[in-house]
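1. just a sequence and a predicted model for now, questions to come.
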Amino acid sequence: MGDSGDTLILGIDLGGTKILTAVANAQGMMLSRDHSITPAKEGQQAVVKSILESISRALDQAHIAAADLAAIGLGAPGLSNPETGILYTSPNLPGWKDVPLCDIVEKELGRKVFLINDANAAAVGELYFGAGRGTRNFIYITISTGIGGGIIIDGKIYTGSTGTAGELGHMVIDDEGPRCNCGNRGCWEVLASGTALAREARHRIKDGAATSILKYAHGDIEKINAEAIHEAAQAGDKLANELIAQTAYYFGVGLANLINIFNPEVIVIGGGLSNIGDMLLKPAFDEAGRRAFRQSYQAVRFARAELGRNSGVLGAAALALEQIKSTGKLNKRR
Ligand SMILES: [Zn+2]
């Protein structure tokens with residue numbers, strides 16, 4: 001972001017389980033970083049209070065006041081409108097409906113606040129400070145309990161007409177597939193996420209499949225997760241390898257769709273499930289190669305996300321900085 005000097009921005013990554021807040025400069029260097037638990041079950045007011053407390057600790061740690069901030073960027077899960085700063089609903093924040101999140105924080109801090117979907121924030125973080133640096137067209141995908149993502153077109157996050165674009169995880173892969181949390185059947189995330197992998201393992205074990213997966217889940221079928229299956233696969237378990245191959249297959253089908261639609265330079269992949277690495281990603285890329293147009297597939301490069309848990313908080317900060325630069329709202333109060 002070049003000549004922004006020591007412009008300071010505050011980024012917040014609000015998740016269903018944790019709140020990460022950081023003060024960063026325009027180069028993405030973090031001056032402070034506060035990590036706390038999201039009291040999601042206690043409702044909206046408790047969460048807002050926790051956000052404000054986290055901001056206050058992050059400012060103290062960086063030895064600055066709210067007045068020293070150029071702006072605040074807030075990444076939040078669920079459907080939101082970045083223009084109005086309203087969070088419509090969030091599967092991870094039960095009870096939230098049409099919350100004017102930006103107004104609430106602005107009133108408290110006296111600084112302009114910009115709202116962005118959490119997966120989009122992570123994409124922007126990778127664009128400015130991570131694996132997407134120097135590129136103009138890329139897709140960011142995070143695979144963990146679900147699949148999220150962000151679409152960068154011509155150096156900007158694509159948010160669509162009402163701000164809800166980039167729901168990659170709900171692209172339908174199998175119209176008669178398992179039911180997704182969103183109500184549809186066979187969404188990408190219900191076939192290729194860590195949750196999907198664990199669900200399939202439980203099904204197969206209940207059906208009597210011979211496998212050592214349970215051993216890696218402390219003998220408790222409900223404790224089976226992607227890590228347990230990965231460990232079993234590494235130890236040569238046949239079912240575990242088969243299940244990871246199936247997840248890779250579906251992941252690859254979705255990648256082929258994205259490659260054909262967007263013809264991206266890079267596809268950046270992050271999230272817990274991507275830690276399985278080549279065992280999952282290599283066959284997925286190969287499947288995408290069998291399905292995507294040759295020209296588009298040859299043009300795309302696959303990269304692992306570089307910012308880890310900081311992608312969201314740095315992306316929210318980068319978005320806020322970008323917004324104040326483009327709208328000239330620096331230091332002005334609304
Ligand atoms: Zn869905």
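-> Nice, thanks for sending it over.

2. by contact count, what packs against whichever strand or helix holds Tyr250?
-> Per DSSP states H and E, Tyr250 falls inside helix 238-262. Packing partners of helix 238-262 (3 or more C-beta pairs under 8 Å, 6 or more residues apart in numbering; DSSP states H and E): strand 138-143, strand 147-153, helix 188-192, helix 194-206, helix 226-234, strand 266-270, helix 278-291, helix 294-299. Where C-beta positions appear, they are placed from N, C-alpha and C, glycine not excepted.

3. wait, which of these is closest to Ile72?
-> strand 147-153 (19.6 Å; C-beta to C-beta).

4. now do the helix or strand following that closest one: distance to the chain's middle.
-> For strand 147-153, the following helix or strand on the C-terminal side (DSSP H and E) is strand 156-157. The offset between the C-alpha centroid of strand 156-157 and the centroid of the whole chain comes to 15 Å, using C-alpha atoms, centre = their mean, to the nearest Å.

5. same thing with stretch 42-60?
-> Offset of stretch 42-60 from its chain centre (C-alpha atoms, centre = their mean): 21 Å.

6. got the contact list for that stretch?
-> 10, 12, 14, 19, 21-23, 32-34, 36-40, 65-66, 69, 72, 74, 93, 95-96, 99, 101, 104-105, 108-109 (C-beta atoms under 8 Å, 6 or more residues apart in numbering).

7. how about the nearest residue to Ala316, chain neighbours excluded?
-> If the residues on either side of it in the chain are set aside, Ala316 comes closest to Gly73, at 3.4 Å by C-beta to C-beta, 6 or more residues apart in numbering.

8. my bad, should have said Ala318
-> Closest residue in space to Ala318, ignoring its immediate chain neighbours: Tyr128 at 4.2 Å, by C-beta to C-beta, 6+ apart.

9. so what's the one you found up against?
-> Tyr128 neighbours (C-beta under 8 Å, 6+ apart): Met1, Gly28, Leu314, Gly315, Ala318.

10. would a markdown table of the helices and strands packed on helix 238-262 with mean neighbour count, distance to Leu255 and mean pLDDT be doable?
-> Shown next, in a markdown table, are the helices and strands packed on helix 238-262 (neighbours: other C-beta atoms under 10 Å; distance: least, C-beta to C-beta, whole Å; pLDDT from 0 to 100):
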| stretch | mean neighbour count | distance to Leu255 | mean pLDDT |
| --- | --- | --- | --- |
| strand 138-143 | 28 | 8 | 96 |
| strand 147-153 | 25 | 11 | 95 |
| helix 188-192 | 27 | 9 | 97 |
| helix 194-206 | 19 | 15 | 96 |
| helix 226-234 | 21 | 18 | 97 |
| strand 266-270 | 25 | 7 | 97 |
| helix 278-291 | 18 | 4 | 98 |
| helix 294-299 | 13 | 9 | 97 |
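
11. what's stretch 221-235 in contact with?
-> Applying C-beta under 8 Å, 6+ apart, the contact partners of stretch 221-235 are 194, 197-198, 201-202, 205-206, 211-217, 239-241, 243-244, 272-273, 276, 279.

12. what does this structure put close to the ion?
-> Residues of the chain that fall close to the ion, judged by C-beta under 5 Å from the ion: His170, Cys180, Cys182, Asn184, Cys187.

13. pretty sure Ala240 sits against Ile213.
-> Yes - applying C-beta atoms under 8 Å, one finds Ala240 in contact with Ile213, separated by 5.5 Å.

14. next one: Thr135 from Ala123, what distance?
-> In this view, Thr135 and Ala123 are 11 Å apart by C-beta to C-beta, to the nearest Å.

15. what's near enough to touch the residue in the stretch 201-334 of the chain positioned nearest to the ion?
-> Taking C-beta to the ion as the measure, the stretch 201-334 of the chain has Gly254 as its residue closest to the ion, at 12.1 Å. By C-beta under 8 Å, 6+ apart, the contact set of Gly254 is Ile147, Leu168, Met171, Ile173, Trp188, Ala192.

16. equivalent analysis for Ile205, please.
-> By C-beta under 8 Å, 6+ apart, the contact list for Ile205 reads Thr211, Ile213, Leu214, Ile221, Ile224.

17. flag the shaky bits of the stretch 1-150 of the chain, pLDDT-wise.
-> For the stretch 1-150 of the chain, the stretches with pLDDT under 70 are 1-5.

18. need the contact list for Ala245.
-> By C-beta under 8 Å, 6+ apart, the residues touching Ala245 are Pro283.
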